[in-house]
Structure formats: structure tokens, C-alpha cells
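Asks: give me the fold of what follows.
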Amino acid sequence: MELKQRIRFIVNPFSGIGKKKKLKYFLKKHLDHSRFEYEICETKTAGHAKRLAKEAIQSGFDIIAAVGGDGSVNEVAEVLIGTDKVLGIIPAGSGNGFATHLGISRNTKQAINYLNQAKPIKIDTCRLNDRIFVNVAGVGFPACVAYKSRQNKFRGFWGYFRTSFIETFKYKMQSYRLKIDGKKFQRDCFCIEVANASMFGYNMKIASNANMADGLLDVVIIKKVPKWRYLFSMWRFITGTVHKSHLTETFTAKEVEIELPAASPVHVDGEGFLANGKLKFSINRLSLNVLSN
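Replies: Coordinates of the predicted model:
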């Protein structure tokens, strides 16, 4: 008789707009109980997901599943890097960019059915200075919105849209010095994104050609032009054609450095913060096991 795999679901009750209350019901009804046994833990503070993931490893769980948004996925993934444990995801945040890249539905029932059928694959992870990311990190306008959204009392898509709309009129383009695999240059730009996967969140695609197992970072630079040009180009994020726009430069690289002109917003897997000095990006080759169909 095949042993059941043990899953610990780590739930962030503060993320997104709140589908977590139905999780127990959906797991009881839709999880494949012939394959899995499970327990549910809720986080109480920032960083608690990491402690719960470490405890799960020590307790012999096979799969540690993040129930939340990209920030929750980031916390759990960081602990699992370099181990034989497997990351699972039930999207329950606002943007859910990494889950969307994997093809995991925001519908909880469908996400559980995905988990029932998924198999582990190995993917790259990335490092920004002393921080880990699995999806996208960068500077410029999206980072500014992510940073300002931390103080926003509105959650979900409309909170993000509201902050984006306000910041569109206030944001000033920045000048950055870059080094991409040793080549130095400077750009005045709207944003620079360094991607492992393709999605920002909210079904907006920034790096259509990103491959999480190729050992490369995908770099997307959106050039400095009048702001109205961006508004008329938003359809490219929905259609996944940002890389085809003449407003965009794209590169692939193993190492990237961005020198910030001053204290500036930075985002890592959707979480915004302020940083100074140089940002150094690198790749951790095939370092994380993730459930995927």
C-alpha cells in the first residue's frame, strides 16, 4: 500500500480579499484523501510562514502549501530552497502572479483539483542582494505602486488600481546605471523588471518568454516616454506582447546589477520596500521543487 503524502497548508489570513474561510470545507470535499493527509496552520505575524515551513520540514511533511498571495509564496519558498520538500500553492492573495504563471486557478476548488493532479518539477529561484524571489522583482513604477500599496486600506484589484491611477500622475522617471552580464550602460526609464516567471499578477504579463528552468534572468526595461503612451499600451500586458513594443528592451542574463540614484522603492514578488545603493540579481539553478501540471 502506497504511503500517503503529508501536506501542511500555511494560510495567510490577512492576504488578498478573503477566501480562506472556505478552505477547510473545500479541502475536506475536494482533496484526494487517498493520496494525501493534511493539516492547516494560520500565520499570525509577518515572517510566521517561514517558521511554520521550517517546522513542517522538521516534522517530515512532504508538501508545504502556501495559501495566500505572492508574498506568502515567497516566504514558504525561501525555506524550501535546496531541500527535497515540495512547494504547493492555493492562490488566495490579490495578484497571484506566480500561481497564474503555473496555471493555477484563483478558484479554490479548481486549485485543489490542480494539486491533486500535479507532479513536482524543479525550477530556478533568484536572489536580490539578501532576498530570495521566485517570480518578479524590480524598480520603477510597479515598485512604487507596491510600496505605496502597503499603506493602502483597500485590498485586491481595486486597491491596486486606485494606487496605480494616483501614482501615474505623481511618478517621476528615474535614471539607473545597469550592468548585465558585465556590460555597463545607463537608462532613463519607467521601470526595470527582472523576472524568473512571466506574470506581475492580475493576469498582467511582463516577461512572456520567461522560463523558470533555463538558468537565466529575463530583464525587461520599459523606456522613458510621455505617460499617456503607457496608458495606451496597457493592452500589451493583458495580451502578453510587452516584449514586442518599441517602448521595451529585453535581455536574458545570469547576473544583473542596478545602481539606484537615491533611496528608491523596490519590489520583490509584489512586496514593496525602500532600498539604497546597488541591487545585485543572480540565479539559483534548479533549487526549488514546485507542484505543477
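
Asks: mind listing what's buried in the longest strand anywhere in the chain?
Replies: For the chain, the longest strand by residue count, based on DSSP state E, is strand 278-292. The neighbour-count criterion (16 or more other C-beta atoms under 10 Å) identifies 279, 281, 283-284, 287-292 as the buried residues of strand 278-292. For every residue, glycine as well, the C-beta is placed using N, CA and C.

Asks: stretch 196-203 too?
Replies: The neighbour-count criterion (16+ other C-beta under 10 Å) identifies 196-202 as the buried residues of stretch 196-203.

Asks: who are the contact partners of the closest residue to Gly277 other than its chain neighbours?
Replies: The shortest distance from Gly277 to any non-neighbouring residue, by C-beta to C-beta, 6 or more residues apart in numbering, is to Leu260 (6.3 Å). For Leu260, the contact set (C-beta atoms under 8 Å, 6 or more residues apart in numbering) comprises 139, 176, 266, 275-279.

Asks: quick one: the helices in the stretch 1-150 of the chain?
Replies: For the stretch 1-150 of the chain, the helices defined by DSSP state H, counting those that start in this stretch cover 23-30, 48-58, 70-80, 97-102, 108-117, 141-149.

Asks: okay, now the sheet partners of the helix or strand that Phe200 is a member of, with direction.
Replies: Element membership of Phe200, judged by DSSP states H and E, is strand 199-201. Sheet partners assigned to strand 199-201 using DSSP bridges are listed as strand 204-205 (antiparallel).

Asks: can you pull the pLDDT of the residue nearest to Val79 when sequence neighbours are not counted?
Replies: Distances taken as C-beta to C-beta, 6+ apart put Ala53 closest to Val79, at 3.9 Å, once the chain neighbours are dropped. pLDDT, Ala53: 98.

Asks: try Ile17
Replies: Taken from the predicted model, the pLDDT recorded for Ile17 is 47.

Asks: and the gap between Leu27 and Tyr114?
Replies: In this view, Leu27 and Tyr114 are 13 Å apart by C-beta to C-beta, to the nearest Å.

Asks: ok, back up a step: and the residue nearest to Gly277, how far from His101?
Replies: The value you get for Leu260 to His101, if C-beta to C-beta is used, is 27 Å.

Asks: one more: Ala263?
Replies: Going from Ala263 to His101 by C-beta to C-beta gives 30 Å.

Asks: now do the buried residues in the biggest helix by length in the chain.
Replies: Secondary structure of the chain per DSSP state H: the longest helix is helix 156-170. Of the residues in helix 156-170, those buried by neighbour count under the rule 16+ other C-beta under 10 Å are 160, 163-164, 167.

Asks: could you find the closest non-adjacent residue to Gly140?
Replies: Residue nearest to Gly140 in three dimensions, not counting chain neighbours: Cys191, with 2.8 Å by C-beta to C-beta, 6+ apart.

Asks: returning to what we had before: paired strands for the longest strand of the chain, with orientation please.
Replies: Strand 278-292 is paired, per DSSP bridges, with strand 86-91 (parallel), strand 119-128 (antiparallel), strand 255-259 (antiparallel).

Asks: which residues are contacting stretch 104-124?
Replies: Defining contact as C-beta under 8 Å, 6+ apart, one finds that stretch 104-124 is touched by 19, 22-23, 26-27, 30-32, 35, 65, 86, 88-92, 96, 99, 103, 134, 196, 212-215, 283-293.

Asks: good, we can wrap up now.
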